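**Q** Sequence and predicted model, in that order:
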Amino acid sequence: MDLQDKRIRLWKSFAFAITGIKTALWSERNMRIHFVVSVLVILCAVFFSISKIEWLFILIAIGGIFSLELINTAIERVVDLITVEYHPLAKQAKDVAAGAVFIYAIMAVIIGILVFLPHVLNLLNRWI
């Protein structure tokens, strides 16, 4: 395989990944909720001119929640592909994956509070 073929394969793999992200955004309600909240968080981060370290935590929280939501969606799709009938293990697989997203979402909210609360309180103190 020559270098040109490797480059084409690389670009195709990026295209497949982008297609997967688009599919999840269009088909998964929670992914759209995470997207809207992420945009609002980024706008708040710009408004408050948060520090680089605060940006780091915010971006890790956003990237992590999107990644876990994509994994959760993939697990749900694979389970649905394997069985159309109810099976307790299929339910457990879906529930466990959803639980992972839920835990990370709680952590992301805590990160958001720790990052933005001091900025909000500072803004309120200037107005009072």
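**A** Structure received. What you are looking at is a predicted structure, and each value in this text was computed from that prediction instead of being measured.
**Q** got any ranges where this protein has weak pLDDT?
**A** Segments of the chain classed as low confidence (criterion: pLDDT under 70) are not present in this model.
**Q** rerun at 90
**A** Within the chain, the stretches with pLDDT under 90 are 1-8, 83-86, 128.
**Q** Next, name the residue at the spatial heart of the chain.
**A** Residue closest to the average C-alpha location in the chain (C-alpha atoms, centre = their mean): Phe66, at 1.6 Å.
**Q** Leaving out sequence neighbours, find the closest residue to that residue.
**A** If the residues on either side of it in the chain are set aside, Phe66 comes closest to His34, at 6.3 Å by C-beta to C-beta, 6 or more residues apart in numbering. Backbone N, C-alpha and C define where each C-beta goes, glycine included.
**Q** got the contact list for the strand or helix carrying the one you found?
**A** Assigned by DSSP states H and E, His34 belongs to helix 29-48. Among residues not part of helix 29-48, those counted as contacts by C-beta atoms under 8 Å, 6 or more residues apart in numbering are 24-25, 54-55, 58, 62, 65-66, 69-70, 73, 101, 105, 112, 115-116, 119, 123.
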